[in-house]
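1. here's a sequence, model it:
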Amino acid sequence: MSTIGFIGLGNMGGPMARNLVKAGHTLKVFDLVQASVDDLVDAGATAVGSTAEAATDVEVVITMLPAGPHVRSVYMEDGKVIESAAKGTLMIDCTTADVETSRAVNAAALAAGHEMIDGPVSGGVGGAEAGTLTIMVGGSDDAYGRAKPILDAMGKNVIHAGGAGNGQAAKMCNNMMLGIQMVSVCEAFLLAEKLGLDAQKLFDISSTASGQCWSLTTYCPVPGPVPTSPANNDYQAGFTAAMMVKDLKLSQGAAHNTGVSTPLGAAAAALYALYCRSGGEDKDFSGIVNMLRGSD
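-> Purely as a prediction, here's the structure:
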């Protein structure tokens, strides 16, 4: 078992950290929200007063932060994680960030004598709580090998996507598909509604036909067919629309920088941005069905 500094205990980071405690690891935890820290202390972790302290006298540092600028700050600037950690510390950043940031921070960590991977996750809060996340890893073979037993305590599918930044590339492409697919599923159910086709009947057909996808079978955006989907809980967020906008913006920035045409990705980004501006930013991203219907 390892001694781990865990920084960032929000909706995703909190349950991920708890699963590490359950697996027998020793955790030193830090977050700006005291209540989140208190929850982990109750679960068996030890609170520390700064990100630098979380990185001191540990074998592994894990971060789950809001976005790329926070990653740079915590590791390379005010947070002093790279500076504070002992040489040879393994650093795992699970934030969804831009590829350039991940590669820059990885290079800085290597230059200081550490090993580092980017390991963004997919599966939402439910997956974080159940320990069934998909974790997409970018980094060296050696760093991946060290990280794998730790990641296995937080995820069910841990996949090495290649070198530094490739985990972020995989997450970015995956979530662009997710955003596009959710809009398509919403549109199909709204059209079915107007045509007099029952939502359950459409689900029964499409879930076993060519329209099948995760947004339909696991996260159906209308109440009824999938009882565990946010549609049956007033669209309380497992993954907020604001987070979807963030990820879609990352994909569109990467598409622009690489000269790749992604018209459906661009359309999904525009629709989700509109949904957030209309008040849906804290709702689950599947709640965009209400904006498309006209009720939100």
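2. any weak-confidence spans in this structure?
-> Residue ranges of the chain with pLDDT under 70: 295-296.
3. now the helices for the stretch 101-250 of the chain?
-> 124-130, 141-151, 166-195, 199-206, 214-217, 241-258 (DSSP state H, counting those that start in this stretch).
4. please name every helix or strand in contact with the first one.
-> So the one you mean is helix 124-130. Judged by 3 or more Cβ pairs under 8 Å, 6 or more residues apart in numbering; DSSP states H and E, the packing partners of helix 124-130 are helix 13-22. For glycine as for every other residue, the C-beta is placed from the backbone atoms N, C-alpha and C.
5. and the helix it packs on, how far from the chain's centre?
-> 15 Å (Cα atoms, centre = their mean, to the nearest Å).
6. same thing with stretch 163-177?
-> The answer for stretch 163-177 is 11 Å, by Cα atoms, centre = their mean.
7. who's in contact with the most centrally placed residue in the chain?
-> By Cα atoms, centre = their mean, the chain has its centre lying nearest to residue 121, at 4.5 Å. Neighbour list for residue 121: 12, 16, 94, 127-128, 133-136, 154-155, 171 [criterion: Cβ atoms under 8 Å, 6 or more residues apart in numbering].
8. rewinding a little: relative to residue 267, which of the helices of the stretch 101-250 of the chain is closest?
-> Closest approach to residue 267 among these (Cβ to Cβ): helix 166-195, 7.7 Å.
9. buried sites along the closest one?
-> Within helix 166-195, the residues that count as buried by 16 or more other Cβ atoms under 10 Å are 166-186, 188-190, 192.
10. return the distance of that helix from the chain's centre.
-> 16 Å.
11. what do you get for stretch 146-156?
-> 15 Å.
12. residues in contact with that stretch?
-> Contacts for stretch 146-156 (Cβ under 8 Å, 6+ apart): 2, 4, 16, 19-20, 22-23, 25, 60, 62, 90, 92, 115, 117, 119, 121, 123, 127-128, 131-135, 137, 139, 158.
13. now with 7 Å, please.
-> 2, 16, 19-20, 23, 60, 90, 92, 115, 117, 119, 121, 131-135, 137, 158 (Cβ atoms under 7 Å, 6 or more residues apart in numbering).
14. ok, now stretch 238-246?
-> With Cβ under 7 Å, 6+ apart, stretch 238-246 has contacts from 67, 124-126, 179, 230, 272-273, 275-276, 280-285, 287-288.
15. now do 8 Å
-> 67, 96, 124-126, 175, 178-179, 219, 230, 269, 272-273, 275-276, 280-285, 287-288.
16. can you check stretch 288-296 too?
-> So stretch 288-296 is contacted by 182-183, 186-187, 189-190, 221-222, 231, 235, 241, 271-272, 274-275, 278-280, 287 (Cβ under 8 Å, 6+ apart).
17. of all the residues in it, which ones are buried?
-> In stretch 288-296, the ones that count as buried by 16+ other Cβ under 10 Å are 288-292.
18. burial of the nearest residue to residue 115 once chain neighbours are set aside, as a residue count?
-> Spatially, and ignoring its direct neighbours in sequence, residue 115 is nearest to residue 143 (4.1 Å; Cβ to Cβ, 6 or more residues apart in numbering). Other residues lying near residue 143 total 23 when counted by other Cβ atoms under 10 Å.
19. now tabulate the helices of the stretch 101-250 of the chain in CSV and tack on distance to residue 73.
-> Putting the helices of the stretch 101-250 of the chain into CSV (distance: least, Cβ to Cβ, whole Å) gives the following:
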stretch, distance to residue 73
helix 124-130, 23
helix 141-151, 22
helix 166-195, 17
helix 199-206, 44
helix 214-217, 33
helix 241-258, 17
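20. how about residue 202, nearest residue that isn't a chain neighbour?
-> In space, residue 202 is closest to residue 192, 4.6 Å off (Cβ to Cβ, 6+ apart).
21. which ones are touching the one you found?
-> 198-199, 202.
22. how close does it get to residue 186?
-> 11 Å (Cβ to Cβ, to the nearest Å).
23. which ones are touching residue 233?
-> Counting by Cβ under 8 Å, 6+ apart, residue 233 has no contacts.
24. next one: it from residue 123, what distance?
-> For residue 233, the distance to residue 123 - Cβ to Cβ - is 18 Å.
25. picking that back up, distance of the residue nearest to residue 202 from residue 223?
-> Counting by Cβ to Cβ, the gap from residue 192 to residue 223 is 14 Å.
26. what do you get for residue 119?
-> 34 Å.
27. higher neighbour count, these two?
-> When residue 119 and residue 223 are compared for neighbours, residue 119 comes out ahead with 32 against 15, by other Cβ under 10 Å.
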